[in-house]
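> Can you look at this prediction? I've put the sequence above it.
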Amino acid sequence: MKRSDLDPISAQSLERQLKKVMIVVVIAFGVLLLRLWTLQVLKGQQYRQRSEHNRIRLKDIPASRGLIFDTNGHRLAQNHPSYDLCIIPEDIRSPKALFQRLNSLVGIDPEAAYKEFCTKGRRKPFSPILLKKSITRDQLALVETHRFNLPGVVIRVNPQRSYPHGNLACHILGYLGEITQKQLQSSRFAYKKAGDLVGKAGVELKWDRYLSGIRGGEQIEVDAQGRKIAVLSRRPPEPGSNVFLNIDLKLQQAAERELAGKKGVVVAMEPTTGRVLALVSSPSYDPNIFIRGIDKATWKAMVSSKLYPLQNRATSGLFPPASVFKIVVALAALEEGIVDPEEKIFCGGTFKLGNREFRCWKRGGHGEVDLHRALVESCDVYFYNLALALGVDKIAQYAKRLGLGVETGFDLGFEKKGLVPTKRWKLNTWGERWQGGETLSMAIGQGFLLVTPIQMVTMFSAIFNGGFLYAPQVTKYVGNSGGQVNFKFRPRVRGLVGMGGEHMERVRRALVGVVNEP
């Protein structure tokens, strides 16, 4: 059929349809051009930044934690490389399939991994999620071999803490654990972030700020599957400062051998400086068990154990001082002038107060004893007499002057004050008046009286150094390899006992007699 043969009306209708189609095509092209203009001109910078963000990543580089040494340079805490298996959620397209592959390679829990992926991945798609901490070298080799089929999987290399001597000096060194939410909110730990390890006790806590160092970072370019292509820029981390202690490894080992399998405390301190050369609290624990994360059952068993392995008995264990407290009573009596040190008091083995009879530890008694023999032989009856003449409040006053019932200033902290009772204390605490029999119990270091072993060490040191109460210090030096010094040991005098030299000398001679005279 020829065009001329078409009905004029039909031809006009066809032209109208063609015009409509052309208009639609023009509008479509117009919309497309407008969209392209919007993307490239109006929002070009925004999308370029988003593209760069997908291509360029910031990678955190943890700093190597500072080492801890004894006074002679022997390592007590060190580091070795640890390989953590992580994922970047943004780079994963088939998470369930990926987690099944990882399970067959390194033994993860696919369901737990998927749950982590869904919860954390939505909030922070570009932040690494830890799936398995400290994988073995064999597992690392498997992951690297199959890396092409593991999109979004990254290996994070961290310096991992280790304690080469196990339990040795654990109450001094302390241990590490993951930082808590409460600690993250504290200004003290402003240099930490979620997931970081932080000192939980001992030297690791006291000097955490300096031991931690300063983290570094890398700006890296990745491909579509999140694999690193190139390092664009790098800021190296700054290793933490090292800590040197006053502790002598050989002396510490000898003390720990003596307490093996027993409950007890050993503290060796220089009386004229306060340097702590050895400190043992038994039972103890191995700080290495905290490094990879301690399971709930093990932690519960440790904190609920009646042996209290986590407690540093030297600084927070409270004990009746027993006959050692007779030194305090002797000095108080000499200072107050209520006893002639040459005067003898008869001990028949018992002491009667009212209708009660208090015994001496030696059933037959010590006979006639002066101050020197009373201390050497630890005669209870002799000190019952002195205590009644002094009274509880006067005894308490001298006990405080000798460093009991107050903190010693131990540099790692976490020490208890103990209890030196007075009349007022009993009335306020128990609502009862002090009894004479309680004074007799206090005279021989019993009753309400409680002290810490470190307090007794500082008291004995003061007696032998001329009356100076030195703060016990474990730390010798804190500094980095660049020569920066964060701390250097200096003896710190916390107080003076303020007692007569002649009286102190009498007590010193008696204490020497305890171990040298029959």
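Nice, I can see it. Nothing here was measured: the structure is a model prediction, and the numbers come from that model. Numbering: from 1, shown residues only.

> so who does residue 508 touch?
For residue 508, the contact set (C-beta atoms under 8 Å, 6 or more residues apart in numbering) comprises 463, 464. Where you see a C-beta, it was placed from the backbone N, CA and C, and this is true even at glycine.

> Backbone dihedrals for it, please?
Summarising the backbone geometry of residue 508 under the convention degrees, to the nearest 10, its torsions are phi -60, psi -50.

> Next one: residue 213 from residue 65, what distance?
7 Å (C-beta to C-beta, to the nearest Å).

> Compare these two (neighbour count), which wins?
Comparing residue 213 with residue 65 by other C-beta atoms under 10 Å, the one with more neighbours is residue 65, at 25 against 20.

> doesn't residue 66 fall inside a strand?
No - when classified by DSSP: H, G, I helix; E, B strand; the rest coil, residue 66 is found to be coil rather than part of a strand.

> is it true that it touches residue 480?
Yes - the criterion here is C-beta atoms under 8 Å, and residue 66 meets it with residue 480 at 7.5 Å.

> which of those two has more neighbours?
Higher neighbour count among residue 66 and residue 480: residue 66, with 24 against 16, using other C-beta under 10 Å.

> which ones are touching the nearest residue to that one once chain neighbours are set aside?
When the adjacent residues along the chain are set aside, residue 66 lies closest to residue 240, with 3.3 Å between them (C-beta to C-beta, 6 or more residues apart in numbering). Residues in contact with residue 240 (C-beta under 8 Å, 6+ apart) are 63, 64, 65, 66, 210, 211, 212, 213, 480.

> give the contact list for the nearest residue to the first one once chain neighbours are set aside.
Take residue 63 and drop its neighbours on the chain: the residue closest to it by C-beta to C-beta, 6+ apart is residue 213, 3.1 Å away. Contacts were defined as C-beta under 8 Å, 6+ apart; by that measure residue 213 touches 63, 64, 65, 66, 237, 238, 239, 240, 241.

> circling back to that earlier point, what touches both of residue 66 and residue 480?
Common neighbours of residue 66 and residue 480 (criterion: C-beta under 8 Å, 6+ apart): 239, 240, 241, 242.

> want to throw those residues into JSON lines with pLDDT, secondary structure and distance to residue 133?
Written out in JSON lines, the entries for the shared contacts of residue 66 and residue 480 read as follows (pLDDT from 0 to 100; DSSP: H, G, I helix; E, B strand; the rest coil; distance: C-beta to C-beta, whole Å):
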{"residue": "239", "pLDDT": "92", "secondary structure": "coil", "distance to residue 133": "21"}
{"residue": "240", "pLDDT": "94", "secondary structure": "coil", "distance to residue 133": "20"}
{"residue": "241", "pLDDT": "96", "secondary structure": "coil", "distance to residue 133": "26"}
{"residue": "242", "pLDDT": "97", "secondary structure": "strand", "distance to residue 133": "25"}
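
> which one of these is nearest residue 192?
residue 240 (12.6 Å; C-beta to C-beta).

> Residue 332 touches residue 390, doesn't it?
Yes - using C-beta under 8 Å, residue 332 is in contact with residue 390, at 5.5 Å.

> still on that earlier bit, let me see the backbone angles for the residue nearest to residue 63.
Main-chain dihedrals, residue 213, degrees, to the nearest 10: phi 70, psi -170.

> can you tell me how far it sits from residue 516?
As defined by C-beta to C-beta, residue 213 lies at a distance of 52 Å from residue 516.

> likewise residue 153?
In this view, residue 153 and residue 516 are 71 Å apart by C-beta to C-beta.

> For the spatially closest residue to residue 358 that is not a sequence neighbour, give its distance to residue 449.
Taking C-beta to C-beta, 6+ apart as the measure, residue 358 lies nearest to residue 351, with 4.6 Å between them; neighbours along the chain are not counted. For residue 351, the distance to residue 449 under the criterion C-beta to C-beta works out to 18 Å.

> One more: residue 463?
Relative to residue 449, residue 463 is positioned 18 Å away (C-beta to C-beta).

> neighbour-wise, which of these two wins?
residue 449 (27 against 20).

> my guess is that one contacts residue 438, does it?
No - with contacts counted by C-beta under 8 Å, residue 449 stays clear of residue 438, the gap being 9.8 Å.

> which neighbours do these two share?
Overlap of the contact sets of residue 449 and residue 438 (by C-beta under 8 Å, 6+ apart) consists of residue 421.

> for the stretch 301-450 of the chain, what spans make up the helices?
Using DSSP state H, counting those that start in this stretch, the helices found in the stretch 301-450 of the chain span residues 313-316, 326-336, 371-377, 380-390, 392-401, 423-430, 436-443.

> For the second one, list every residue counted as buried.
Burial within helix 326-336, assessed by neighbour count using 16 or more other C-beta atoms under 10 Å, is assigned to 326, 327, 328, 329, 330, 331, 332, 333, 334, 335.

> Wait, residue 69 touches residue 246, no?
No - assessed by C-beta under 8 Å, residue 69 is found out of contact with residue 246, at 10.9 Å.

> Comparing the two, which residue is more hemmed in?
Looking at residue 69 and residue 246 with other C-beta under 10 Å, you find the greater number of neighbours at residue 246, namely 24 against 20.
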